[in-house]
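Asks: Need coordinates for the below:
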Amino acid sequence: MSNHLKGILMVLSSTAMWGLVGILVQYLISSEHFTPEWLVNTRLLASGIILLAITYIFYERNIFKVLKTDFISLLLLGVIGLLGSQYGFYICINHSNAPTATILVFLLPVFIMLYTLLVKHKRPSGLELISILFAITGTSLIVTKGDFSSIILSPIALMAGIASALCCVFYTLQPRKVLSKYSSTNVMGWSMLFGGIFISCFNNPLDIPGEINLYTLSAILSMILFGTVLAFCFYLKSLDYLSPTEASILTVGEPLCSIILSLIFLNVTFSSIELMGAVLILSTVFILAKAK
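Replies: Numbers count the residues shown, from 1 in each chain. The predicted structure follows:
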């Protein structure tokens, strides 16, 4: 297996797990009355502790070394990149709706393309431009079901959605230097912990808004272990094999995975418009796989 294909599979694995998170968060908020703030807080704190424990046991005993050399980088990655991207998305949903938030956040590849063009002075290839067009169109068709009147844009929703996308750009580009020196589990562990500590200043994680039972505990643990710990580590590791533009384009597999999981577990119907969007998204994967 080539490194390029390995990177593609890592991003797609991340999007599948993020798609799972979407289903779990919908269940926990809608049916079990948990709040977005508590879920984001718990995800970051628990995931950070787990990743640091994994780093200590399996990779490197001196997990504090990175703090001496890259403390500011980890703090910024945690607060701006990880916390900002997740919380901005929830705020956008709160002031608009899920389709609007998803479309705004998945402008991510466009922002990264602009960054590489303006800052790195590297023009995107024709295949990358086609992939971005297919990705955004496919995502729009899936989340709106072809009904673009469902897009609701208030000023707060617009700012929160774009801010979330820019925070995604930040956590895609910013940690590449520190990841060349330390393991992804160590970098992500401290960053998530810092993000969780920051939001804990405004939201007490011990004040649990919903009821903890077997079902909610299973959902929360799955959200932490699969949708956060594994997903973010896979995504950052993929940057060893893919360009930031390629990785960001492939993240549009997330709404497709959400639709498939909803179809399996929630008995949601899959319309012809959504199928067309799915074909466009899958096309981006094949285009990028054939690009190298």
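Asks: residues contacting residue 237?
Replies: 10, 184 (Cβ atoms under 8 Å, 6 or more residues apart in numbering). In short, each C-beta sits where N, CA and C put it, glycine included.
Asks: Check the average confidence over the host helix or strand of it, would you?
Replies: Following DSSP states H and E, one finds residue 237 within helix 231-238. Mean pLDDT, helix 231-238: 86.
Asks: That one: what's the following helix or strand?
Replies: Next along the chain from helix 231-238, counting by DSSP H and E, comes helix 244-250.
Asks: Okay, now the unreliable bits of the chain?
Replies: 97-99, 150-152, 258-259, 262-263, 265-270, 289-292 (pLDDT under 70).
Asks: Can you list the buried residues in stretch 274-284?
Replies: When burial is assessed from 16 or more other Cβ atoms under 10 Å, stretch 274-284 yields the following buried residues: 274, 277-278, 280-281, 284.
Asks: cool, stretch 181-188 as well?
Replies: 182-188.
Asks: One more: stretch 111-123?
Replies: 111-113, 115-116.
Asks: Run through the residues that contact the nearest residue to residue 110 once chain neighbours are set aside.
Replies: In this structure, residue 110 finds its nearest non-sequential neighbour in residue 132, 6.3 Å apart by Cβ to Cβ, 6 or more residues apart in numbering. If you count contacts by Cβ under 8 Å, 6+ apart, residue 132 has them with 109-110, 113, 124, 249.
Asks: could these go into CSV alongside distance to residue 23?
Replies: Shown next, in CSV, are the contacts of residue 132 (distance: Cβ to Cβ, whole Å):
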residue, distance to residue 23
109, 24
110, 26
113, 30
124, 33
249, 23
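Asks: In helices, which of those appear?
Replies: 109-110, 113, 249 (DSSP state H).
Asks: For the residues you listed, could you give me JSON lines that also reports distance to residue 224?
Replies: Below are those laid out as JSON lines (distance: Cβ to Cβ, whole Å):
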{"residue": "109", "distance to residue 224": "27"}
{"residue": "110", "distance to residue 224": "30"}
{"residue": "113", "distance to residue 224": "32"}
{"residue": "249", "distance to residue 224": "27"}
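Asks: Show me which of those residues is closest to residue 15.
Replies: residue 249 (11.0 Å; Cβ to Cβ).
Asks: burial measure for that closest one, as a count.
Replies: Counted with other Cβ atoms under 10 Å, the neighbours of residue 249 add up to 29.
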